[in-house]
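*Asks:* sequence? don't have it. structure:
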């Protein structure tokens, strides 16, 4: 991490100051990129444009994945990582679940507000625990299950309070349909995370190879879907005819990919704990921004539920970091047999 913080040496010769500035830069980059992403996502799916509402979430997924794939190809080419060890078809599993989860996320926004979606996303931990056990038979420490349950209770309470307080109001929509899409999104997103983690561990797949493999399949599948229902050409024509919509979609794609690059960089330099804490802060800011821009109202007890949910997630990140550190300290030192044999032969 210290080497990459050296780019900030023009600010101060002190390495600690450089690292602190680097962290602030990463934090701000993540927060700004994903707040823009969240605002644009809600705007595109709820705005009445010149040609009416935009009702093709598949195109958003396609354009997003296309840009991400192009960047991943460039990075993998520069790093000589274009050929992953994992068979290419293995990326298709999490690619399909990724497309379906993205579709469910966009669809849920037509029935539920952005704050509800963001709080519900926190329940993904529970989905990851469940899917990990079912798919790869993995078990986790007890604190993971306890905190996931606390998060679920907090998120469920928020959902119930929000549904009750907006009943009959301008935000009252078809909650049951939105809830189905939300649950599908959480479990599909959970599977995507579990399978990516499995590929990463088993085949030593790098983050860029993962980005390339998943986005390539996702781009091809969404292209195929749009080819079968003839929406691709009509959507591109509409974007060309409506500059406001074109601008919103471009900003949405750019913020998504920039956010993804910041995620990879932050985890590589500062670790998963720092990234999780920045993400929690970012989500709360996104909820506040959405409330401010789109007039969503959250009663005080709803904010208490939000704090319980994200407080529990922050505590989980802390415990997980501690647990990983303990496991590392227990591991015996790795002996390089080749080096040992070379040393013995020289002796």
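*Replies:* Everything's here; your move. This is a predicted model, so every value here is computed, not measured. Residues are numbered from 1 along each chain as shown.

*Asks:* count the residues that sit near the residue lying closest to residue 293 once chain neighbours are set aside.
*Replies:* Closest residue in space to residue 293, ignoring its immediate chain neighbours: residue 39 at 6.3 Å, by C-beta to C-beta, 6 or more residues apart in numbering. For the C-beta atoms, the positions are set from N, CA and C on the backbone; glycine is no exception. For residue 39, the tally of surrounding residues (other C-beta atoms under 10 Å) stands at 21.

*Asks:* contacting residues around residue 39?
*Replies:* With contact set as C-beta atoms under 8 Å, 6 or more residues apart in numbering, residue 39 has these partners: 286, 289, 290, 293.

*Asks:* hmm, the third one is touching residue 115, no?
*Replies:* Yes: counting by C-beta atoms under 8 Å, residue 290 sits close enough to residue 115 to count as a contact (5.8 Å).

*Asks:* quick revisit: buried ones among the contacts of residue 39?
*Replies:* Buried residues within these, counting neighbours by 16 or more other C-beta atoms under 10 Å: 286, 289, 290.

*Asks:* distance check, the nearest residue to the second one once chain neighbours are set aside against residue 151.
*Replies:* When you say that, I think you mean residue 289. With C-beta to C-beta, 6+ apart as the measure, residue 35 is the residue that lies nearest to residue 289, at 5.5 Å, once sequence neighbours are left out. For residue 35, the distance to residue 151 (C-beta to C-beta, to the nearest Å) stands at 22 Å.

*Asks:* how about residue 187?
*Replies:* In this view, residue 187 and residue 151 are 15 Å apart by C-beta to C-beta.

*Asks:* same deal with residue 22?
*Replies:* 30 Å.

*Asks:* same thing with residue 196?
*Replies:* When distance is defined by C-beta to C-beta, residue 196 is 21 Å away from residue 151.

*Asks:* with residue 39 instead?
*Replies:* Residue 39 sits 25 Å away from residue 151, going by C-beta to C-beta.

*Asks:* continuing past the helix or strand harbouring residue 70, what's the next helix or strand?
*Replies:* Residue 70 belongs to helix 57-78 when elements are defined using DSSP states H and E. Past helix 57-78, heading to the C-terminal end, the next element that is a helix or strand (DSSP H and E) is helix 90-108.

*Asks:* ok, residues contacting that following helix?
*Replies:* Counting by C-beta under 8 Å, 6+ apart, helix 90-108 makes contact with 41, 45, 57-58, 60-61, 64, 84, 117, 178, 181-182, 184-185, 188-189, 191-192, 195-196, 199, 203, 210, 213-218, 221-222, all of which sit outside it.

*Asks:* taking helix 90-108 as reference, get the angle to the helix or strand just after that helix.
*Replies:* Beyond helix 90-108 in the direction of the C-terminus, DSSP H and E gives the next helix or strand as helix 114-121. Here helix 114-121 runs at 140 degrees with respect to helix 90-108, directions being taken by axes from the mean of the first three to the mean of the last three C-alpha atoms, to 10 degrees.

*Asks:* who touches helix 114-121?
*Replies:* Applying C-beta under 8 Å, 6+ apart, the set of residues contacting helix 114-121 from outside is 38, 41-42, 105, 108-109, 155, 158-159, 162, 178, 182, 185-186, 189, 283, 286-287, 290-291, 294, 296, 298, 305-306, 309.
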